[in-house]
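> sequence below, structure please.
(one chain, ligands or ions: 1)
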Amino acid sequence: MKFDVLTIFPQYFDVLGESLVGKAISGGKFGVEIFNIRDFSSDKHHKTDDAPYGGGAGMVMTAEPIMAAIESADPLHEAHRIYMSPKGKVLDQKRVEQLAKKDRILLLCGDYEGVDERALALGIDEEISIGDYVLTGGELPALVLINCVARYLDGVLGSSESVEEESFSNGLLEYPHYTRPEVFRGMRVPEVLLGGNHRDISEWRLNKSLEVTQARRPDLLKGVDLTPYMPKKKKKHRQ
Ligand code: 4FM
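This next block holds a predicted model:
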(Lines give C-alpha, C1' and ligand atoms only; values in the text may rest on other atoms or scores of the structure.)
Protein backbone atom coordinates (compact mmCIF):
# COMPACT_ATOMS: atom_id res chain seq x y z
CA MET A 1 0.00 0.00 0.00
CA LYS A 2 1.23 3.46 -0.94
CA PHE A 3 -0.22 6.70 0.43
CA ASP A 4 0.37 10.04 -1.30
CA VAL A 5 -0.49 12.92 1.02
CA LEU A 6 -1.01 16.46 -0.33
CA THR A 7 -0.79 19.23 2.25
CA ILE A 8 0.44 22.77 2.89
CA PHE A 9 1.59 21.61 6.40
CA PRO A 10 3.94 18.67 5.74
CA GLN A 11 5.37 18.94 9.32
CA TYR A 12 2.21 17.24 10.65
CA PHE A 13 3.41 14.01 9.04
CA ASP A 14 6.81 13.97 10.80
CA VAL A 15 4.99 11.96 13.48
CA LEU A 16 4.93 9.00 11.05
CA GLY A 17 8.66 8.57 11.76
CA GLU A 18 7.72 7.36 15.27
CA SER A 19 5.33 4.60 16.32
CA LEU A 20 4.31 1.24 14.93
CA VAL A 21 3.18 2.89 11.69
CA GLY A 22 6.71 4.25 11.20
CA LYS A 23 8.15 0.76 11.76
CA ALA A 24 5.90 -0.67 9.06
CA ILE A 25 6.92 2.13 6.69
CA SER A 26 10.63 1.36 7.18
CA GLY A 27 9.81 -2.36 6.95
CA GLY A 28 8.68 -1.75 3.37
CA LYS A 29 5.13 -2.97 4.02
CA PHE A 30 3.77 0.33 2.91
CA GLY A 31 4.96 3.78 1.99
CA VAL A 32 3.81 7.33 2.63
CA GLU A 33 4.98 10.16 0.37
CA ILE A 34 4.26 13.73 1.42
CA PHE A 35 3.72 16.40 -1.26
CA ASN A 36 3.87 20.06 -0.26
CA ILE A 37 1.14 21.78 -2.30
CA ARG A 38 3.14 25.01 -2.01
CA ASP A 39 5.84 23.45 -4.26
CA PHE A 40 3.26 23.26 -7.07
CA SER A 41 2.21 26.91 -7.03
CA SER A 42 3.28 28.79 -10.17
CA ASP A 43 2.79 32.05 -8.30
CA LYS A 44 6.03 33.94 -7.62
CA HIS A 45 5.32 33.92 -3.86
CA HIS A 46 4.17 30.24 -3.93
CA LYS A 47 0.68 31.38 -2.95
CA THR A 48 -1.86 28.58 -2.43
CA ASP A 49 -4.92 30.55 -1.30
CA ASP A 50 -7.05 33.55 -2.23
CA ALA A 51 -10.14 35.46 -1.05
CA PRO A 52 -13.52 33.78 -1.59
CA TYR A 53 -15.72 34.88 -4.51
CA GLY A 54 -18.93 36.24 -3.02
CA GLY A 55 -17.05 37.64 -0.06
CA GLY A 56 -16.84 36.52 3.53
CA ALA A 57 -14.19 35.69 6.07
CA GLY A 58 -11.07 33.62 5.52
CA MET A 59 -9.24 32.25 2.54
CA VAL A 60 -9.89 29.49 0.02
CA MET A 61 -7.21 27.13 -1.33
CA THR A 62 -6.81 27.73 -5.07
CA ALA A 63 -7.47 24.96 -7.60
CA GLU A 64 -4.29 25.35 -9.66
CA PRO A 65 -1.56 24.16 -7.24
CA ILE A 66 -3.87 21.42 -5.88
CA MET A 67 -4.52 20.03 -9.37
CA ALA A 68 -0.81 20.31 -10.26
CA ALA A 69 0.09 18.39 -7.06
CA ILE A 70 -2.57 15.70 -7.70
CA GLU A 71 -1.45 15.21 -11.31
CA SER A 72 2.22 15.11 -10.30
CA ALA A 73 1.63 12.54 -7.54
CA ASP A 74 -0.81 10.42 -9.56
CA PRO A 75 -0.50 11.25 -13.30
CA LEU A 76 -2.32 8.09 -14.48
CA HIS A 77 -5.05 8.22 -11.85
CA GLU A 78 -3.97 4.90 -10.35
CA ALA A 79 -4.71 6.04 -6.81
CA HIS A 80 -8.07 6.23 -5.06
CA ARG A 81 -8.21 9.97 -4.41
CA ILE A 82 -9.75 10.99 -1.09
CA TYR A 83 -10.47 14.48 0.29
CA MET A 84 -10.67 14.59 4.10
CA SER A 85 -13.74 16.66 4.98
CA PRO A 86 -16.62 16.84 7.47
CA LYS A 87 -18.95 16.72 4.42
CA GLY A 88 -17.72 13.20 3.58
CA LYS A 89 -19.20 9.87 4.56
CA VAL A 90 -18.14 9.08 8.12
CA LEU A 91 -15.33 6.50 8.30
CA ASP A 92 -16.13 3.20 10.00
CA GLN A 93 -14.20 -0.06 10.44
CA LYS A 94 -15.92 -1.67 7.45
CA ARG A 95 -14.70 1.13 5.14
CA VAL A 96 -11.20 0.95 6.70
CA GLU A 97 -11.07 -2.75 5.80
CA GLN A 98 -12.06 -2.00 2.18
CA LEU A 99 -9.50 0.82 1.89
CA ALA A 100 -6.76 -1.49 3.21
CA LYS A 101 -7.20 -3.64 0.06
CA LYS A 102 -6.31 -0.76 -2.29
CA ASP A 103 -2.82 -0.50 -3.83
CA ARG A 104 -2.68 3.29 -3.75
CA ILE A 105 -4.53 6.02 -1.88
CA LEU A 106 -4.06 9.76 -2.38
CA LEU A 107 -5.15 11.97 0.53
CA LEU A 108 -5.84 15.66 -0.06
CA CYS A 109 -5.73 17.76 3.12
CA GLY A 110 -7.52 21.11 3.05
CA ASP A 111 -6.90 24.05 5.36
CA TYR A 112 -8.35 27.56 5.94
CA GLU A 113 -12.03 27.99 4.98
CA GLY A 114 -12.05 25.46 2.18
CA VAL A 115 -10.80 24.17 -1.15
CA ASP A 116 -12.00 25.58 -4.51
CA GLU A 117 -14.88 23.26 -5.47
CA ARG A 118 -13.46 22.76 -8.99
CA ALA A 119 -10.34 21.04 -7.64
CA LEU A 120 -12.64 18.60 -5.83
CA ALA A 121 -14.83 18.04 -8.90
CA LEU A 122 -11.83 17.44 -11.19
CA GLY A 123 -9.37 15.73 -8.87
CA ILE A 124 -11.19 13.82 -6.12
CA ASP A 125 -13.00 10.44 -6.15
CA GLU A 126 -14.46 10.44 -2.63
CA GLU A 127 -14.83 12.63 0.47
CA ILE A 128 -14.34 10.97 3.84
CA SER A 129 -14.96 12.39 7.34
CA ILE A 130 -13.44 10.96 10.51
CA GLY A 131 -16.38 12.16 12.62
CA ASP A 132 -18.97 14.85 13.18
CA TYR A 133 -16.78 17.64 14.53
CA VAL A 134 -14.72 20.36 12.85
CA LEU A 135 -10.92 20.62 12.90
CA THR A 136 -8.74 23.41 11.44
CA GLY A 137 -7.68 21.22 8.51
CA GLY A 138 -7.54 17.74 7.00
CA GLU A 139 -4.05 16.76 8.25
CA LEU A 140 -5.07 15.09 11.52
CA PRO A 141 -7.96 13.27 9.75
CA ALA A 142 -5.44 12.01 7.13
CA LEU A 143 -3.17 10.72 9.94
CA VAL A 144 -6.17 8.99 11.52
CA LEU A 145 -7.08 7.29 8.24
CA ILE A 146 -3.46 6.19 7.57
CA ASN A 147 -3.22 4.84 11.12
CA CYS A 148 -6.35 2.70 11.00
CA VAL A 149 -5.62 1.38 7.49
CA ALA A 150 -1.99 0.57 8.48
CA ARG A 151 -3.21 -1.79 11.19
CA TYR A 152 -4.52 -4.13 8.48
CA LEU A 153 -1.17 -4.35 6.69
CA ASP A 154 1.30 -7.10 7.59
CA GLY A 155 3.93 -6.13 10.11
CA VAL A 156 2.01 -3.39 11.91
CA LEU A 157 0.22 -5.43 14.55
CA GLY A 158 1.96 -8.26 16.36
CA SER A 159 -0.09 -10.91 14.63
CA SER A 160 -2.80 -10.93 12.00
CA GLU A 161 -5.26 -12.41 14.53
CA SER A 162 -5.08 -9.25 16.63
CA VAL A 163 -7.03 -7.33 13.96
CA GLU A 164 -9.73 -9.98 13.81
CA GLU A 165 -10.10 -10.34 17.58
CA GLU A 166 -10.53 -6.70 18.48
CA SER A 167 -13.41 -4.24 18.82
CA PHE A 168 -15.71 -4.02 15.79
CA SER A 169 -14.40 -7.10 13.97
CA ASN A 170 -17.38 -9.00 15.40
CA GLY A 171 -19.44 -5.79 15.59
CA LEU A 172 -19.07 -5.68 19.37
CA LEU A 173 -16.91 -3.66 21.79
CA GLU A 174 -13.97 -5.45 23.39
CA TYR A 175 -14.09 -7.47 26.58
CA PRO A 176 -11.90 -6.20 29.46
CA HIS A 177 -8.21 -7.13 29.57
CA TYR A 178 -6.03 -8.09 32.55
CA THR A 179 -2.35 -8.80 33.12
CA ARG A 180 -0.08 -9.32 36.13
CA PRO A 181 -0.35 -8.87 39.05
CA GLU A 182 -3.25 -11.13 40.04
CA VAL A 183 -4.31 -8.61 42.71
CA PHE A 184 -3.88 -4.84 42.18
CA ARG A 185 -4.96 -2.51 45.04
CA GLY A 186 -7.29 -5.20 46.26
CA MET A 187 -8.85 -5.86 42.84
CA ARG A 188 -8.59 -9.49 41.69
CA VAL A 189 -8.34 -10.71 38.10
CA PRO A 190 -11.59 -12.58 37.29
CA GLU A 191 -11.12 -16.23 38.37
CA VAL A 192 -12.11 -17.73 34.97
CA LEU A 193 -9.08 -16.08 33.28
CA LEU A 194 -6.67 -17.85 35.66
CA GLY A 195 -8.10 -21.32 35.09
CA GLY A 196 -6.96 -22.09 31.55
CA ASN A 197 -10.36 -23.44 30.44
CA HIS A 198 -10.48 -21.86 26.99
CA ARG A 199 -14.15 -22.65 26.33
CA ASP A 200 -15.11 -20.92 29.60
CA ILE A 201 -12.77 -18.00 28.84
CA SER A 202 -14.29 -17.49 25.35
CA GLU A 203 -17.80 -17.62 26.78
CA TRP A 204 -16.90 -15.12 29.54
CA ARG A 205 -15.31 -12.74 27.03
CA LEU A 206 -18.29 -12.89 24.65
CA ASN A 207 -20.66 -12.19 27.54
CA LYS A 208 -18.54 -9.24 28.67
CA SER A 209 -18.45 -7.92 25.08
CA LEU A 210 -22.24 -8.11 24.86
CA GLU A 211 -22.62 -6.48 28.30
CA VAL A 212 -20.30 -3.51 27.55
CA THR A 213 -21.83 -3.02 24.09
CA GLN A 214 -25.37 -3.04 25.49
CA ALA A 215 -24.36 -0.56 28.22
CA ARG A 216 -22.28 1.90 26.16
CA ARG A 217 -23.19 1.50 22.48
CA PRO A 218 -26.58 -0.20 22.22
CA ASP A 219 -26.80 1.20 18.65
CA LEU A 220 -24.06 -1.28 17.62
CA LEU A 221 -26.18 -4.28 18.66
CA LYS A 222 -28.74 -3.48 15.96
CA GLY A 223 -26.23 -4.74 13.35
CA VAL A 224 -25.34 -7.94 15.21
CA ASP A 225 -26.93 -11.32 14.59
CA LEU A 226 -27.21 -12.94 18.02
CA THR A 227 -28.82 -16.14 16.72
CA PRO A 228 -26.70 -19.09 17.94
CA TYR A 229 -24.99 -20.97 15.11
CA MET A 230 -26.90 -24.14 14.32
CA PRO A 231 -25.49 -26.60 11.78
CA LYS A 232 -28.02 -27.53 9.08
CA LYS A 233 -29.33 -31.11 9.11
CA LYS A 234 -28.00 -33.09 6.15
CA LYS A 235 -30.71 -34.21 3.70
CA LYS A 236 -30.98 -37.96 3.61
CA HIS A 237 -30.28 -39.31 0.14
CA ARG A 238 -31.89 -42.64 -0.66
CA GLN A 239 -30.35 -44.90 -3.26
C1 4FM B 1 -11.15 20.42 6.26
C2 4FM B 1 -10.98 22.39 7.59
C3 4FM B 1 -10.85 21.15 5.14
C4 4FM B 1 -10.68 23.11 6.48
C5 4FM B 1 -11.22 21.04 7.49
C6 4FM B 1 -10.62 22.49 5.26
C7 4FM B 1 -12.55 16.75 9.01
C8 4FM B 1 -13.31 15.77 9.67
C9 4FM B 1 -12.42 18.15 9.37
C10 4FM B 1 -11.57 20.32 8.73
N11 4FM B 1 -11.96 16.15 7.98
N12 4FM B 1 -13.13 14.65 9.01
N13 4FM B 1 -14.10 15.92 10.72
N14 4FM B 1 -11.73 18.91 8.51
O15 4FM B 1 -12.93 18.58 10.37
O16 4FM B 1 -12.31 14.88 7.98
CL17 4FM B 1 -10.25 23.38 3.85
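
> for residue 43, which non-adjacent residue is closest in space?
Counting by C-beta to C-beta, 6 or more residues apart in numbering, residue 43 lies nearest to residue 65, which is 7.9 Å off, once chain neighbours are set aside. All C-beta spots, glycine's among them, are computed from the backbone N, C-alpha and C.

> for the one you found, what are its contacts?
Going by C-beta atoms under 8 Å, 6 or more residues apart in numbering, residue 65 touches 37-38, 40-43, 48.

> distance of whatever residue of the chain ends up closest to the ligand from residue 119?
Among the residues of the chain, residue 110 lies nearest to the ligand; the distance is 2.7 Å by C-beta to the nearest ligand atom. Using C-beta to C-beta, to the nearest Å, we find residue 110 at a distance of 9 Å from residue 119.

> with residue 188 instead?
As judged by C-beta to C-beta, residue 188 and residue 119 stand 59 Å apart.

> measure residue 178 to residue 187 for me?
Residue 178 sits 9 Å away from residue 187 when distances are taken as C-beta to C-beta.

> which other helices and strands does the longest strand anywhere in the chain contact?
With secondary structure taken from DSSP state E, the chain has its longest strand at strand 80-90. Helices and strands touching strand 80-90, as assessed by 3 or more C-beta pairs under 8 Å, 6 or more residues apart in numbering; DSSP states H and E, comprise strand 104-108, strand 126-129, helix 139-150.

> can you tell me the SS state at the residue nearest to residue 43?
For residue 65, the secondary-structure state derived from DSSP: H, G, I helix; E, B strand; the rest coil is helix.

> would you list the phi and psi of the nearest residue to residue 50 once chain neighbours are set aside?
Closest residue in space to residue 50, ignoring its immediate chain neighbours: residue 62 at 5.4 Å, by C-beta to C-beta, 6+ apart. Torsion angles at residue 62 (phi, psi; degrees, to the nearest 10) stand at phi -80, psi 150.

> what residues are up against residue 62?
Shown here is residue 62, whose contacts under the criterion C-beta under 8 Å, 6+ apart are 41, 47-50, 116, 119.

> ok, now residue 217?
The contact partners of residue 217, taken as C-beta under 8 Å, 6+ apart, are residue 173.

> from residue 211, how far off is it?
Distance check for residue 217 against residue 211: by C-beta to C-beta, it reads 12 Å.

> related to what we said a few turns ago, ok, the longest strand of the chain: who's next to it in the sheet?
With DSSP bridges as the criterion, the sheet partners recorded for strand 80-90 are strand 104-108 (parallel), strand 126-129 (parallel).

> just how off-centre is that strand within its chain?
12 Å (C-alpha atoms, centre = their mean, to the nearest Å).

> and the next helix or strand past that strand?
Sequence-wise, the next helix or strand downstream of strand 80-90 (DSSP states H and E) is helix 93-99.

> right, is that following helix up against the ligand?
No - applying C-beta under 6 Å from any ligand atom, one finds that helix 93-99 is not in contact with the ligand, the shortest distance being 12.8 Å.

> residues from this protein in reach of the ligand?
Counting by C-beta under 6 Å from any ligand atom, the chain comes close to the ligand at 84-86, 110-112, 114-115, 129-131, 133-138, 141.

> that older thread, can you put the contacts of residue 62 in CSV and add neighbour count, pLDDT and secondary structure?
Below are these laid out as CSV (neighbours: other C-beta atoms under 10 Å; pLDDT from 0 to 100; DSSP: H, G, I helix; E, B strand; the rest coil):
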residue, neighbour count, pLDDT, secondary structure
41, 20, 98, coil
47, 14, 98, coil
48, 23, 98, coil
49, 20, 98, strand
50, 13, 98, strand
116, 20, 99, coil
119, 22, 99, helix
